[in-house]
Structures are given as structure tokens and as C-alpha cells.
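> Kindly return the folded structure for what I paste below:
(2 chains)
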Amino acid sequence: MIAEKKIAAIPDFSNSPHIDHVGVEERASRFTKRSIKAETKLNGLKLTLNMIDLTTLEGKDTDGKVKQLCYKAQHLHDSYPGLPTVAAVCVYPSMVSVAKKSLEGSAINVASVATAFPSGQASRDVKIRDVKFAVNNGADEVDMVISRGKFLQGEYNFVFDEIAAVKEACGTARLKVILETGELVTYDKVRRASDIAMYAGADFIKTSTGKISPAATMPVTLVMLEAIRDFYYKTGKMIAMKPAGGISKSKAALHYLVMLKETLGDAWMNNHWFRFGASSLANDVLMQLEKERTGVYQSANYFSVD
Amino acid sequence: MAKARKNNTVKLTFDTLQYAPAPESKSIAKIDAQYDLFINGKFEKPLSKKYFDTINPATEEKLSSVADANVADVDKAVQAARVAHDKIWSKMPAKERGKYIYRIARMIQERAREFSVIETLDGGKPIRESRDIDIPLAANHFFYYAGWADKLQYAFPNINPKPLGVAGQIIPWNFPLLMAAWKIAPALATGNTVVLKPAETTPLTALKLAEIIQESDLPPGVVNIITGAAATGAAIVNHADINKIAFTGSTEVGKIIQRAVAGTDKKLTLELGGKAANIIFEDAAIDQAVEGVINGIFFNQGHVCCAGSRLFVQESVYKIVMQKLKDRIATLIVGDPMDKNTDVGAINSKQQLETIHKYINIGKKEGADIFESNCILPKKGFFCKPTLFTNVAQSSRIAQEEIFGPVLAIQTFITEDEVIEKANNTPFGLSAGVWTDKGSKVFNLTSKLRAGVIWANTYNKFDPTSPFGGYKESGFGREGGLHGLSAYLNV
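Next comes the predicted model:
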């Protein structure tokens, strides 16, 4: 894939490309027909582990819960030698300092949701303070939500400015922009929101909070990957992708990797450019890896819950 | 990031070049060393005493040898079909006919995996396509026409339609079982009996279908399947006791057949070549349009009579469409048809590969720019890289003649009227594709394009309920749907 030019003017987002929903769903289902075997499967599973943002986003989260999750992030399954760790642990801003301390010395990032996650229904000022709080406590990555209400009202400038302001507040932390595709409903709107986020400074675009159903789906993710590709063609700038919510099985994760590889290419095939937002995916991948190693499935009792 | 961090990014080859092999097992496919002619419910040695080999085009290895039917063999098959028609099939209550057809459909479904494997071994198409398209669709055609068998008086009210008699059917090598289904299912539903000849490079699934027909207890002689090459086909066409010829294949042979049946009572339907225009307007959903173009030309290695082999792109989106087409072609997996990940399999025969190469050379000589996939082709077998030609003129031979391979000729256009004129400016008229987000444009084009099938924002979609057939040199008559019945009835 070759990019054309390096500087692109901010486009009129109401002219974002339209998506043919039959076509995009057909294409997405084609990726699931790939048969992933042997070495490819093993590598894909390990890569999946390394791309996971291990997540806990519950009202009932406590220091204890987060500490345990952080230990799990570093020790996915110690009886299997040579496993990678996950990419990041994703928590609420109030848990960032605990996570940061627990992950000290590891290479795992702390990601924090912010901007009045998950609804985003707060004033700009509150959102910015939320982001700064997370960053000041050591968040390496910030997962913001867009103002879906404003977006659906057609106030694209508002959404754009808000993302740009959050990006500024992030400082050196990488910004993931959650579109909450389940609330945008149509692929046309997903595409338009993706374009707004990327031009406003997103480092990642992300499908969902995980609090709304449907969360990540393959067609929605494909629409976003294609938006990333178009942005790259125009600007030469790579944007990362994070589908989140609803991906709990290894087989599904491998399908996403096939889609990533065949849409954006090998340059995106690492955890700097692709993440899975998931809480239960890791254990299913571990189960598959053990099955590949030993030839038999082990029960869930043999894998730590968190 | 401001402070130096340990690197947590694992670089793993999720295989940079290709996925690990995922071959479909061949063990399910039972292929005999030799096949005889299926006449009057039995496999019989050919009177010609001759056999010819059928090979796997992906490996060039021999799969089996099949009988080469001569005039006497054809006569025997037609006589069997005549007796079966006059004595049994045309007199049988229609609902009983339907039961047999349903039974054949179910048996194809039950043995779908075996059929898929044999179709791929014998023809070279990717196993994914045999498995997901050819075989299920073939079964669906039998199911669909089984349903019509006892409802013909509702399809043609106040007419009391009668079968024609014995149908001679000659089918091509690109969709062997599917074409057999397209031909046999409506003929049986309407009370005709059949002498069918599969193509000489892909006879095996038709012969397996003969086994199913035998097991289904279909009365002997109702379906006869005989193998052979052009001479066998000519013997069918010229047989005096045949009432109907149905042919799918090249325009060249179609013309010979039409001349041969001129002045006889034989009814004729021809489904011939094509040079379909796939048209992308600037307001189209470009990513989906590109995908449709890829499927339009590389599906079944381009061995599709309705393949979208001419692409017209509106100039304002030409650059981005080309960039996306090229990136997409780079991800096409070309190679072993038996691998479940293969997108583009083997060219059906050495002869066809030579034809395709001839046209690629013509394209180069005509001064068109060539772009080929950078895939590595297997050393053995007949393979061709997915190929694009740009800077193609309306007067180029590669834009006018049917190549029947993975070769796309790309032209640009400026206005709607211009592209309609260019798209229609061809001796063919089988199919076309229109890509636009605007409904009014779709309706304008579908009413003005002279093609039997027009797809809007999709391509290569087939369904038993939908009629299929051409204008001009793409042939006449329709197969599929209600229209497909009338080709086998006196109405």
C-alpha cells in the first residue's frame, strides 16, 4: 500500500464516502472463510494475546480487583512458557494510579477511559479534567467517547473540536476515540465519525464502550479499517484500530486478524496499530493455545479468571 | 511517548506472504479409473471402443479416462430417451416426476462435499467456490424445478403445456455440475427426457450425477449422460429424433449449432459468450464497488460467461479506484485449488491458458498498460496471474473479444450517456454491473443497457428463481425461473 501525499486539507465530513451495507457485510463474511491452521494459527493466537487491552470497567471495581487484573496481565498462563503479555490494562481514571503501580517494571501500558465514559454526557470542561486526571496519574493511553448526540444532530464541528481538545489534553498519551457504533447504527455514520476522529487527531479509532449492544462487529470494523486506509492513502499517516466488546472467542479474533491483514497489510499487524478491547478473550485464546500444545481441551478451571 | 518504555510489541509473522496450507481432503472423492456412457439407466461400454483422459489442471495428473461417444452411441442414447419419454416420463403424473427431482436434489446435498472435491479436482476452480457456490446452487436448481413439476398449468394458465420430447443438452466446462443442473432440472420438471453431454475437460461430476440418478431409481432412459468432444456434440445436434437443443458455450460453436438446426423442427436455446461492462460512477461506495469488480472478473478464474471483463470508471474516481484495485489484487491468493484459502485456482485447460496468453500479448501489442498480481504461480499446472489492462480503447481487441480468463480491460468515461453507449457497443449482451449510490441512475441504466442480466451494486449473483440469458451474440432463451420452463414446453 502506497500513500499519495503528505498534507490533506480537512474535508467536508458530510461528504464522507457512503457505504453499501450489503457489500460490506459480504466482504466481512469472506474473511471468516479463511482457514487458519498450523503455524499461522499459533502465531495468530499469540499475536491476539499481545493485542489485548485487558479491561475492567465496572462501577464495582476496587483496588483489589484492578491489582489482580494487573497481575494476570503480566502472567497470563505461566505454565505455558514464552507467552507474550497483553498490550494494556484498561480501567476507569480512578483506578489508573493503582494500575500504574501494579504494572511497574512491566511493558504493559495503562489505558484509561475518560470524558465521562461511557455516555460522554458532561461539559467539555469536565471531560478535559477527566482526561488530565487520568494522564496525570500515569495513563499511557486515553479512551475517550465522542458526543454521539451532537454527532447525530449533525454538529460535526462540535465533535471535531472536542476530539482535538481532548487530544491536546492527552499530551503524550495516545488517544483512542470511541465512536460507539451501536448508537450510530448505520455504516455511513460510522464512516463519517471515523473520518472526523482521524482528522481531529485520534491515534486510534475504537468501535465501542462495551456498554451498548451491538458492540464490535466485523462489518463495522471493516468500515473503520477502510476509513483508516483512505486516510493513509491521503495523508501517509497510520491510524490504529481497536474493536471492543463482543469479541470473546479466539476464532473470532483470528477472523479480525485476517481482515486486518487483508485490508491494511502487515504494517498494522502488531499491538501498536491494533488492539482488542476484551475481558474474556484472553482465556479463550489460552485454552486454544493449550489445545494446540497438548492436543486436548482443558476445562475453564485450569485458567485463572482474572 | 515521553519516557522510554520497554517494548511490549511482539512481531509475529501472521505469515507475511501466505497462510499455512489448509488443503481439503481428497479422500472423500471416489473417482473410478474409467467411466462408461450412462445410457438407459446403465453404464455401458461405448460402441466407439474409445476413451479419453480427463486431467487435474492444477497438477496435470490424469484423474480418469472416460468414454468417447460416437454417432452410434449418441443414437443409442437418443433412442433410450425417446422410449422413456413416450412410454413413461411424459405419461407419469406430474407430482410423481416432482418427487424424483426432489430426490435427486437431496442426494446432491447429501454428497455435496464429494461433489465439491471432484469439481475442483477436475476443473481447477477453488474448493471454496465449489463448496459454497457451485454445488449448493446445483442442488437448489433441482429443488426449485421439482416444485414446478405439478404446477405447470398455473405457470401457463389455459394453455395445457406439453413437453417437447427429447432434449439434447451440451454444457461447458466452467460450471460443470451447475450447468448440468440448469439443463436437466427444468427439462425433467416439464416432462422431457434428456441426453446430456458434459464438456470433455470436466466430465466427472456429470458422471457422478449419473450415479445419483441411477440410485434415485429414476426410470431408465429419462436422463442419459454421454461423454465426448466436439464430434459427440455434433452428433447430438444433428440427430433427427431430438426435439430440442440447449447449448451453453462459446459464441463460435453456438453459431455452428444454429446453422445446423436451421430448417429442422428442433427448438433451440443458446447461452453464449459475454463481455460485460461493470460501471463505477463517482458516487458509488468505492470499496464495495472495487470488491464487486474483483469478484466480477476473478471469480472462477474469469471463466464465467457473465464475467465483468470490461470495467468503466468515471474519471473523477479513476485514480482511487485503480489504487484500491491494485492493493486488493495483491491480497488474492492464487494457487492450489484444493486449498481452502485459494481465491483464484487453475485455468481449466492448457488450451484455454494459451488463449488467455494470446490475448494478454494482444493487449500489450495494442499499447495498453498491464498490471499483474505479484503472486508466485505454482510450477506445475495451468495458472494465470490476475491481470489488469489500463489505457484500453473501445477499439482494442481486449475490450471487444471474450478472453474467458482473469484479465480485466479498464476504460474511463465522463458522462452517463457516454458510458451507456460504450457499454452497449459490443456484439455481446449477457450481463452488466452498475455501481452508484443513486437509485435513479440505477433505473436509468438498467432500462438502457442491452444485457440479459444487470446487477446493481453487486455482481455474479445467481438464484434458481431468476432468469438468465443474453441479447445479441450472447444467445437467446432464458434459463432459470419461470422463464426457464417455457424453453422446454410447447406453449
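> drop to CA atoms for contacts and neighbour counts, all remaining ones
Fine.
> B:A187 is in contact with B:A167, correct?
Yes. With contact defined as C-alpha atoms under 8 Å, B:A167 and B:A187 form a contacting pair (7.4 Å).
> residues shared between the contacts of those two?
Shared contacts of B:A167 and B:A187 (C-alpha atoms under 8 Å, 6 or more residues apart in numbering or on different chains): B:T193, B:V194.
> In terms of neighbours, single out the busier of the two.
A side-by-side neighbour count of B:A167 and B:A187, using other C-alpha atoms under 10 Å in any protein chain shown, places B:A167 first with 32 against 28.
> Residues of the stretch 201-350 of chain B that sit close to chain A?
By C-alpha under 8 Å from any C-alpha of the partner chain, the residues of the stretch 201-350 of chain B that approach chain A are B:A284, B:A285, B:I286, B:D287, B:Q288, B:E291, B:G292, B:D327, B:R328, B:T331, B:K340, B:N341.
> now, which of these lie within helices?
Judged by DSSP state H, helices contain the following of these: B:I286, B:D287, B:Q288, B:E291, B:G292, B:D327, B:R328.
> so which of those is the most crowded?
Going by other C-alpha under 10 Å, B:D287 tops those with 25 neighbours.
> still on that earlier bit, taking the residues of the stretch 201-350 of chain B next to chain A as a set, which two sit the farthest apart in space?
B:A284 and B:K340 (31.3 Å; C-alpha to C-alpha).
> What residue, apart from its backbone neighbours, is nearest the residue of the stretch 101-250 of chain B found nearest chain A spatially?
When scored by C-alpha to the nearest C-alpha, the stretch 101-250 of chain B has B:R128 as its residue closest to chain A, at 8.1 Å. Counting by C-alpha to C-alpha, 6 or more residues apart in numbering or on different chains, B:K340 is the residue found nearest to B:R128 once chain neighbours are left out, at 5.7 Å.
> Helices along the stretch 151-300 of chain A, start to end?
Under the criterion DSSP state H, counting those that start in this stretch, the stretch 151-300 of chain A contains helices at A:156-170, A:181-184, A:187-200, A:218-235, A:250-264, A:281-294.
> Redo the ones you listed as JSON lines? Include mean pLDDT.
JSON lines is the format used below for those (pLDDT from 0 to 100):
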{"stretch": "helix A:156-170", "mean pLDDT": "98"}
{"stretch": "helix A:181-184", "mean pLDDT": "98"}
{"stretch": "helix A:187-200", "mean pLDDT": "98"}
{"stretch": "helix A:218-235", "mean pLDDT": "97"}
{"stretch": "helix A:250-264", "mean pLDDT": "97"}
{"stretch": "helix A:281-294", "mean pLDDT": "95"}
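> Of those, which stretch is the most buried?
Using mean count of other C-alpha atoms under 10 Å in any protein chain shown, the stretch among the helices of the stretch 151-300 of chain A with the largest mean neighbour count is helix A:187-200, at a mean of 24.
> Report whether it contacts chain B.
No. Under the criterion of C-alpha under 8 Å from any C-alpha, chain B is not reached by helix A:187-200; the shortest gap measures 9.9 Å.
> And the strands in chain A?
Under the criterion DSSP state E, chain A carries strands at the ranges A:52-55, A:88-91, A:109-113, A:141-145, A:174-178, A:204-206, A:240-242, A:276-278.
> Look at A:I52 and report its pLDDT.
In this prediction, A:I52 carries a pLDDT score of 97.
> Show me the beta-bridge partners of it.
A:F276 (DSSP bridges).
> circling back to that earlier point, so for B:A276, which of the strands of chain A sits nearest?
strand A:240-242 (37.8 Å).
> can you list contacts of the closest one?
Under the criterion C-alpha under 8 Å, 6+ apart, residues A:203-207, A:224-225, A:228, A:268, A:272-277 lie in contact with strand A:240-242.
> Between which two of the residues you listed is the distance greatest?
Using C-alpha to C-alpha, the two most remote members of the contacts of strand A:240-242 are A:I228 and A:G277, lying 18.2 Å apart.
> dump the residue contacts of B:Q288.
Contacts of B:Q288 by C-alpha under 8 Å, 6+ apart are A:I19, A:D20, A:G23, A:V24, A:R27, B:N457.
> Which of these fall within helices?
Taking DSSP H as the definition of helices, the contacts of B:Q288 contribute A:G23, A:V24, A:R27.
> Adding distance to A:Q74, pLDDT and neighbour count as columns, could you present those in TSV?
Converted to TSV, these look like this (distance: C-alpha to C-alpha, whole Å; pLDDT from 0 to 100; neighbours: other C-alpha atoms under 10 Å in any protein chain shown):
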residue	distance to A:Q74	pLDDT	neighbour count
A:G23	41	97	20
A:V24	37	98	22
A:R27	36	98	19
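> can you tell me how far the residue nearest to B:R128 sits from A:K251?
Counting by C-alpha to C-alpha, to the nearest Å, the gap from B:K340 to A:K251 is 16 Å.
> so which helix or strand takes in the nearest residue to B:S130 once chain neighbours are set aside?
What sits nearest to B:S130 in space, not counting adjacent residues and going by C-alpha to C-alpha, 6+ apart, is B:S116, at 4.9 Å. Counting by DSSP states H and E, the element that carries B:S116 is helix B:112-123.
> Which secondary structure elements does that helix sit against?
For helix B:112-123, the packing partners by 3 or more C-alpha pairs under 8 Å, 6 or more residues apart in numbering or on different chains; DSSP states H and E come out as strand B:51-56, helix B:127-129, helix B:135-148, helix B:204-215.
> With mean neighbour count as added columns, please give the strands of chain A in a markdown table.
Listed next are those as a markdown table, based on neighbours: other C-alpha atoms under 10 Å in any protein chain shown:
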| stretch | mean neighbour count |
| --- | --- |
| strand A:52-55 | 26 |
| strand A:88-91 | 29 |
| strand A:109-113 | 29 |
| strand A:141-145 | 28 |
| strand A:174-178 | 27 |
| strand A:204-206 | 29 |
| strand A:240-242 | 24 |
| strand A:276-278 | 27 |
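> show me the contacts for residue 160.
I went with chain A, as the question did not name one. With contact set as C-alpha under 8 Å, 6+ apart, A:F160 has these partners: A:I196, A:A197, A:Y199, A:A200.
> ah, no, chain B please
Contacts for B:N160 (C-alpha under 8 Å, 6+ apart) come out as B:L152, B:Q153, B:V491.
> Give me the distance between it and B:L152.
Taking C-alpha to C-alpha, one finds B:N160 at 8 Å from B:L152.
> between the ones in helices among the contacts of B:Q288, which is nearest chain B?
Closest approach between those and chain B, by C-alpha to the nearest C-alpha: A:G23, at 5.3 Å.
> How about the contacts made by B:W173?
Counting by C-alpha under 8 Å, 6+ apart, B:W173 touches B:G123, B:P198, B:A199, B:E200, B:T201, B:T202, B:N348.
> Could you grab the helix/strand/coil label for the fourth one?
Assigned by DSSP: H, G, I helix; E, B strand; the rest coil, the conformation of B:E200 is coil.
> pLDDT score for it?
You'll see B:E200 listed with a pLDDT of 97.
> Test my guess that it contacts B:I226.
No. Judged on C-alpha under 8 Å, B:E200 makes no contact with B:I226 at a distance of 10.3 Å.
> Give me the more crowded residue out of those two.
The neighbour comparison of B:E200 against B:I226 (other C-alpha under 10 Å) goes to B:I226, with 31 against 21.
> Correct me if wrong: A:C170 contacts A:K132.
Yes. Counting by C-alpha under 8 Å, A:C170 touches A:K132, with 6.8 Å between them.
> Mutual contacts of the two, please.
Listed contacts common to A:C170 and A:K132 are nil; contacts here mean C-alpha under 8 Å, 6+ apart.
> which among the contacts of A:F160 gets closest to chain B?
Checking these one by one against chain B (C-alpha to the nearest C-alpha), the nearest turns out to be A:I196, at 18.4 Å.
> ok, now how distant is the nearest residue to the closest one once chain neighbours are set aside from A:A173?
Nearest residue to A:I196 in three dimensions, chain neighbours excluded: A:F160, at 5.9 Å (C-alpha to C-alpha, 6+ apart). Distance, A:F160 to A:A173, by C-alpha to C-alpha: 19 Å.
> Same check on B:T9?
Applying C-alpha to C-alpha to B:T9 and A:A173 gives a distance of 17 Å.
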